[in-house]
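>>> let me see the structure of the following:
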Amino acid sequence: MSRQVRGKKLIGAAAVSGALLVGMVASAGPSGATAVSHTSIPAAVKALAALKIRPAHIPVKIKITKPIPKHKTIDFVVCGVPQCAILVAPLQAAAKYLGWTVHTVSGGLTPSSIGNAWTQVVHNHPNAAMGTGFPEVLFSSQLATLKSKHVPVINGFVTDKAGSGIVAIVNGQPSYSQAGKALGDFVLGTDGTTSNSLFVGSTTFPASTFEQNAYVAENTKLCSKCKEANLDEPATATQSQVITDIVAKVNGNSKINFVVCSQPTYAAGLPQALRTAGHSSVKILVNTPDPTTLGYLSQGKIAGIMNVPNTDAMAEFIDALARYETGMSTAPSQVAGGDWAVTKSTAKQVTYPYFLVKGYL
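Numbering: from 1, shown residues only. Here you go, the predicted structure:
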């Protein structure tokens with residue numbers, strides 16, 4: 001999910017860097033190696049250097065000072081993409097620290113399947129409920145019922161605001177805007193003023209729009225002559241269709257030199273497909289890691305992966321619920337974390353479940 005999956009409009013069915021670089025550093029090959037160039041954008045180079053420093057602290061700064069109740073049961077609605085499924089184990093691990101239990105409810109990818117999942121939550125009578133990726137407009141009636149039963153709901157990876165029964169939004173709009181800016185800094189810090197990119201996202205998850213908007217805004221701010229195109233893929237698109245669409249876009253614009261994938265699944269098979277189509281010089285940047293893209297990065301087949309605090313955020317879900325249960329403000333749990341630009345040299349430091357801050361739990 002990447003920072004993955006958000007808003008109120010759905011279309012279709014259904015996550016830095018060493019010492020600051022000085023001088024003119026810009027273009028990189030697929031492996032992410034940099035070379036001296038007069039096309040460098042100093043502000044982007046500096047931003048990318050900062051992104052390559054792995055965050056060392058979680059964003060939650062205020063401790064819980066009241067006794068936390070035990071024996072809570074939580075229903076977690078899991079959306080139907082791999083980036084959602086990977087969040088289950090971190091959420092359960094965080095809950096276990098407090099003596100709480102997390103039960104999963106399959107959410108699927110369509111408005112109807114999400115609605116059905118939240119209806120099941122109502123029938124399950126949990127002490128609390130959580131979900132990621134889909135806005136409250138898809139389960140507003142169920143949310144009202146849960147509120148009437150005093151069942152707190154925490155949603156995340158969306159651009160909604162807390163309220164109407166939702167007591168906290170974790171990894172929300174600020175995180176996605178931050179992620180989009182970071183992706184822009186990576187591309188501009190790598191290609192400089194020669195940047196001509198393709199952003200692949202999905203408005204099935206409305207947060208993707210905020211990510212893309214921030215990406216475009218950073219391009220406009222730092223390089224007015226740089227170009228960026230976009231590709232909107234529905235969540236139900238097959239991987240072969242996504243690859244076909246990306247290659248077709250690049251075929252149609254020979255100046256595209258960077259493909260930015262807002263989800264790691266979009267990149268599966270992409271390096272080979274681009275090479276086969278005669279675009280071996282086109283670089284690939286992926287938002288959030290998975291086993292396939294980490295393998296690509298280690299082999300130098302893609303330029304980088306932006307590791308975002310998706311896994312870490314699941315502990316913030318539990319933290320938010322603990323604050324709510326003790327009568328404290330949930331605001332400290334809703335602060336955006338940092339991003340980490342991973343390149344070939346640091347790929348081995350990224351391990352499942354792809355946490356960002358060491359010891360975050």
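
>>> dump the residue contacts of residue 120.
Applying Cβ atoms under 8 Å, 6 or more residues apart in numbering, we find residue 120 in contact with 75, 105. C-beta: built from backbone N, CA, C; applies to glycine.

>>> helix or strand right after the host helix or strand of it?
Element membership of residue 120, judged by DSSP states H and E, is helix 111-124. Counting by DSSP H and E, the next helix or strand C-terminal to helix 111-124 is strand 128-132.

>>> where along the stretch 201-350 of the chain do the helices fall?
207-222, 239-252, 270-276, 291-298, 310-325 (DSSP state H, counting those that start in this stretch).

>>> and these, which is most packed in?
Highest mean neighbour count of these: helix 310-325, a mean of 26 (counted as mean count of other Cβ atoms under 10 Å).

>>> so where is the protein shaky, pLDDT-wise?
Residues of the chain meeting the criterion pLDDT under 70: 1-37.

>>> list the buried residues of stretch 223-233.
223, 226, 228, 229, 230, 231, 232, 233 (16 or more other Cβ atoms under 10 Å).

>>> residues in contact with the closest residue to the fifth one other than its chain neighbours?
The one in question is residue 230. Distance criterion Cβ to Cβ, 6 or more residues apart in numbering; nearest residue to residue 230, sequence neighbours excluded, is residue 199 at 4.8 Å. By Cβ under 8 Å, 6+ apart, the residues touching residue 199 are 183, 212, 215, 216, 228, 229, 230, 231, 260, 262.

>>> again, only this time at 7 Å
Applying Cβ atoms under 7 Å, 6 or more residues apart in numbering, we find residue 199 in contact with 212, 215, 228, 230, 260.

>>> how about residue 160?
By Cβ under 7 Å, 6+ apart, the contact list for residue 160 reads 135, 136, 166, 169.

>>> which one among the residues you listed gets closest to residue 129?
residue 166 (9.7 Å; Cβ to Cβ).

>>> surely the closest one meets residue 137?
No - with contact defined as Cβ atoms under 7 Å, residue 166 does not count as touching residue 137 (11.7 Å).

>>> next, the contact list for residue 136, please.
Applying Cβ under 7 Å, 6+ apart, we find residue 136 in contact with 143, 155, 160, 164, 166.

>>> with residue 115 instead?
138, 139.

>>> if I look at it, how far off is residue 143?
Using Cβ to Cβ, to the nearest Å, one gets 11 Å for the distance from residue 115 to residue 143.

>>> same question, residue 121
Distance, residue 121 to residue 143, by Cβ to Cβ: 10 Å.

>>> quick one: residue 39 and residue 196 touch, right?
No - checked against Cβ under 7 Å, the pair residue 39 and residue 196 is beyond contact range at 11.9 Å.

>>> which of these two has more neighbours?
Under the criterion of other Cβ atoms under 10 Å, the comparison of residue 39 against residue 196 puts residue 196 first, with 18 against 13.

>>> need phi/psi at that one.
Backbone torsions of residue 196, given as degrees, to the nearest 10, read phi -150, psi 100.

>>> show me the contacts for it.
Residue 196 sits in contact with 226, 227, 255, 256, 257, where contact means Cβ under 7 Å, 6+ apart.

>>> now render those as a markdown table, adding distance to residue 310.
Below are the contacts of residue 196 laid out as a markdown table (distance: Cβ to Cβ, whole Å):
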| residue | distance to residue 310 |
| --- | --- |
| 226 | 28 |
| 227 | 29 |
| 255 | 32 |
| 256 | 27 |
| 257 | 28 |
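
>>> narrow those to those in strands?
residue 227 (DSSP state E).

>>> show me the two of the contacts of residue 196 that sit farthest apart.
226 and 256 (11.6 Å).

>>> who's the closest residue to residue 257 other than its chain neighbours bridged to?
Computed as Cβ to Cβ, 6+ apart, the closest residue to residue 257 that is not its neighbour in sequence is residue 196, at 5.4 Å. Beta-bridge pairing of residue 196 under DSSP bridges involves residue 227.

>>> rewinding a little: shared neighbours of residue 115 and residue 143, anything?
Counting by Cβ under 7 Å, 6+ apart, nothing touches both residue 115 and residue 143.

>>> helix, strand, or coil at residue 169?
Secondary structure, DSSP: H, G, I helix; E, B strand; the rest coil: residue 169 is strand.
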